[in-house]
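Student: Any chance you can model this:
(chains A, B and C)
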Amino acid sequence: MAGMEKERPIYPIGMVQELTGLTGRQIRYYEQRGLLKPARSGGGRRLYTPRDVRILLEIKAALAGGASLDALRTRAGRQFPASATETASLAQPRDLEVVRNYFQETRGPTSVYPIDHREQLIETIDELRLKGGARRVRRGEKERGP
DNA sequence: GTTCTTACA
DNA sequence: TGTAAGCA
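Tutor: Numbers count the residues shown, from 1 in each chain, chains lettered A, B, ... in the order given. As a prediction, this is how the structure comes out:
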(Lines give C-alpha, C1' and ligand atoms only; values in the text may rest on other atoms or scores of the structure.)
Protein backbone atom coordinates (compact mmCIF):
# COMPACT_ATOMS: atom_id res chain seq x y z
CA MET A 1 0.00 0.00 0.00
CA ALA A 2 1.09 3.55 -0.57
CA GLY A 3 2.62 5.13 2.46
CA MET A 4 3.44 1.77 3.97
CA GLU A 5 7.00 1.50 2.78
CA LYS A 6 9.59 0.15 5.20
CA GLU A 7 11.06 2.86 7.32
CA ARG A 8 14.20 1.27 8.65
CA PRO A 9 16.66 3.40 10.61
CA ILE A 10 19.64 3.51 8.33
CA TYR A 11 21.04 6.98 7.89
CA PRO A 12 23.83 8.12 10.20
CA ILE A 13 23.65 11.77 11.16
CA GLY A 14 26.32 12.69 8.65
CA MET A 15 24.17 11.47 5.80
CA VAL A 16 21.14 13.28 7.18
CA GLN A 17 23.17 16.48 7.20
CA GLU A 18 23.85 16.09 3.49
CA LEU A 19 20.25 15.20 2.71
CA THR A 20 18.72 18.08 4.63
CA GLY A 21 21.37 20.75 4.57
CA LEU A 22 21.01 21.09 8.33
CA THR A 23 23.95 20.98 10.71
CA GLY A 24 24.42 18.13 13.14
CA ARG A 25 23.93 20.64 15.89
CA GLN A 26 20.51 21.63 14.59
CA ILE A 27 19.44 18.05 14.04
CA ARG A 28 20.37 17.07 17.59
CA TYR A 29 18.77 20.20 18.96
CA TYR A 30 15.44 19.47 17.30
CA GLU A 31 15.60 16.01 18.81
CA GLN A 32 16.25 17.53 22.20
CA ARG A 33 13.17 19.66 21.73
CA GLY A 34 11.09 16.57 21.15
CA LEU A 35 10.53 16.81 17.41
CA LEU A 36 12.41 13.62 16.62
CA LYS A 37 13.35 10.39 18.29
CA PRO A 38 15.83 8.58 16.05
CA ALA A 39 16.82 5.02 16.87
CA ARG A 40 20.25 4.27 18.26
CA SER A 41 22.83 1.79 17.17
CA GLY A 42 24.51 -0.47 19.65
CA GLY A 43 27.28 2.03 19.99
CA GLY A 44 24.91 4.89 20.67
CA ARG A 45 24.98 6.32 17.17
CA ARG A 46 21.76 7.90 15.97
CA LEU A 47 20.08 6.14 13.06
CA TYR A 48 17.50 8.00 11.01
CA THR A 49 14.72 6.72 8.80
CA PRO A 50 13.66 8.24 5.48
CA ARG A 51 10.65 9.53 7.38
CA ASP A 52 12.92 11.29 9.86
CA VAL A 53 14.58 13.02 6.95
CA ARG A 54 11.22 14.18 5.64
CA ILE A 55 10.31 15.47 9.07
CA LEU A 56 13.53 17.45 9.24
CA LEU A 57 12.78 18.98 5.87
CA GLU A 58 9.31 19.90 7.10
CA ILE A 59 10.85 21.53 10.13
CA LYS A 60 13.32 23.42 8.02
CA ALA A 61 10.59 24.75 5.78
CA ALA A 62 8.20 25.57 8.61
CA LEU A 63 10.94 27.36 10.51
CA ALA A 64 11.83 29.34 7.41
CA GLY A 65 8.18 30.31 7.29
CA GLY A 66 8.27 31.68 10.79
CA ALA A 67 6.83 28.77 12.77
CA SER A 68 8.21 28.09 16.25
CA LEU A 69 9.74 24.86 17.47
CA ASP A 70 7.08 24.72 20.17
CA ALA A 71 4.33 24.88 17.59
CA LEU A 72 6.01 22.08 15.70
CA ARG A 73 6.51 20.03 18.83
CA THR A 74 2.78 20.11 19.49
CA ARG A 75 2.23 18.39 16.17
CA ALA A 76 5.12 16.03 16.77
CA GLY A 77 3.28 14.63 19.75
CA ARG A 78 0.83 13.03 17.40
CA GLN A 79 1.88 12.26 13.88
CA PHE A 80 4.22 14.92 12.66
CA PRO A 81 4.16 15.98 9.92
CA ALA A 82 1.11 14.81 8.52
CA SER A 83 -0.11 16.77 5.59
CA ALA A 84 0.89 19.53 3.28
CA THR A 85 -1.98 21.56 4.66
CA GLU A 86 -0.63 21.18 8.16
CA THR A 87 2.85 22.16 7.14
CA ALA A 88 1.52 25.22 5.38
CA SER A 89 -0.65 26.13 8.34
CA LEU A 90 2.41 26.30 10.54
CA ALA A 91 3.67 29.34 8.71
CA GLN A 92 2.40 32.82 9.28
CA PRO A 93 0.25 34.15 6.41
CA ARG A 94 2.80 36.78 5.60
CA ASP A 95 5.51 34.11 5.29
CA LEU A 96 3.71 31.65 3.06
CA GLU A 97 5.67 32.92 0.12
CA VAL A 98 8.89 32.06 1.91
CA VAL A 99 7.76 28.50 2.50
CA ARG A 100 6.47 28.16 -1.01
CA ASN A 101 9.75 29.43 -2.36
CA TYR A 102 11.64 26.90 -0.30
CA PHE A 103 9.78 23.95 -1.70
CA GLN A 104 9.80 25.44 -5.16
CA GLU A 105 13.50 26.06 -5.42
CA THR A 106 15.19 23.63 -3.07
CA ARG A 107 17.12 21.04 -5.01
CA GLY A 108 19.43 18.53 -3.41
CA PRO A 109 17.62 17.99 -0.12
CA THR A 110 14.35 17.31 -1.89
CA SER A 111 15.78 14.29 -3.62
CA VAL A 112 14.29 12.33 -0.74
CA TYR A 113 11.12 14.38 -0.55
CA PRO A 114 8.02 12.97 -2.24
CA ILE A 115 7.50 15.11 -5.31
CA ASP A 116 3.74 14.71 -5.16
CA HIS A 117 3.72 15.94 -1.61
CA ARG A 118 5.79 18.96 -2.59
CA GLU A 119 3.46 19.90 -5.40
CA GLN A 120 0.47 19.43 -3.15
CA LEU A 121 2.12 21.62 -0.58
CA ILE A 122 2.74 24.38 -3.08
CA GLU A 123 -0.86 24.19 -4.26
CA THR A 124 -2.09 24.34 -0.71
CA ILE A 125 0.06 27.33 0.01
CA ASP A 126 -1.24 29.13 -3.03
CA GLU A 127 -4.78 28.45 -1.91
CA LEU A 128 -4.09 29.75 1.53
CA ARG A 129 -2.47 32.86 0.13
CA LEU A 130 -5.52 33.58 -1.99
CA LYS A 131 -7.96 32.81 0.79
CA GLY A 132 -6.04 34.83 3.33
CA GLY A 133 -5.82 37.70 0.91
CA ALA A 134 -2.64 39.55 0.10
CA ARG A 135 -1.71 40.26 3.67
CA ARG A 136 1.39 42.33 3.69
CA VAL A 137 4.15 42.37 6.20
CA ARG A 138 3.69 45.29 8.50
CA ARG A 139 6.66 47.59 8.40
CA GLY A 140 8.64 47.68 11.57
CA GLU A 141 7.50 44.25 12.66
CA LYS A 142 10.21 42.02 14.03
CA GLU A 143 11.68 39.70 11.45
CA ARG A 144 12.69 36.14 12.09
CA GLY A 145 16.13 34.93 11.12
CA PRO A 146 17.43 31.39 10.46
C1' DG B 1 37.36 8.93 10.59
C1' DT B 2 32.73 9.68 12.56
C1' DT B 3 29.56 10.51 16.27
C1' DC B 4 28.52 11.45 21.19
C1' DT B 5 27.99 14.45 25.37
C1' DT B 6 28.92 18.46 27.83
C1' DA B 7 29.96 23.15 28.19
C1' DC B 8 30.87 27.87 26.93
C1' DA B 9 31.23 32.27 23.51
C1' DT C 1 23.80 27.98 16.87
C1' DG C 2 28.79 27.38 16.47
C1' DT C 3 32.66 25.39 18.27
C1' DA C 4 35.94 22.93 21.31
C1' DA C 5 37.20 19.17 24.43
C1' DG C 6 37.73 14.37 25.50
C1' DC C 7 35.62 9.67 24.56
C1' DA C 8 33.99 5.52 22.31
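
Student: For chain A, what lies in contact range of DNA strand B?
Tutor: With the criterion set to CB under 7 Å from any atom of the strand, chain A comes near DNA strand B through A:Pro12, A:Ile13, A:Gly14, A:Met15, A:Gly24, A:Arg28, A:Gly44, A:Arg45, A:Arg46. For glycine as for every other residue, the C-beta is placed from the backbone atoms N, C-alpha and C.

Student: which residues sit in contact with the second one?
Tutor: Just to be clear, that refers to A:Ile13. By CB atoms under 8 Å, 6 or more residues apart in numbering, the contact set of A:Ile13 is A:Gly24, A:Ile27, A:Arg28, A:Arg45, A:Arg46, A:Tyr48.

Student: Backbone torsions only: list them for it.
Tutor: phi -60, psi -30 (degrees, to the nearest 10).

Student: what residues does chain A put near DNA strand C?
Tutor: A:Thr23, A:Arg25, A:Gln26, A:Tyr29, A:Gly43, A:Leu63, A:Pro146.

Student: rewinding a little: now, which of the residues of chain A next to DNA strand B lie within helices?
Tutor: Secondary structure of the residues of chain A next to DNA strand B is defined by DSSP state H; positions in helices are A:Ile13, A:Gly14, A:Met15, A:Gly24, A:Arg28.
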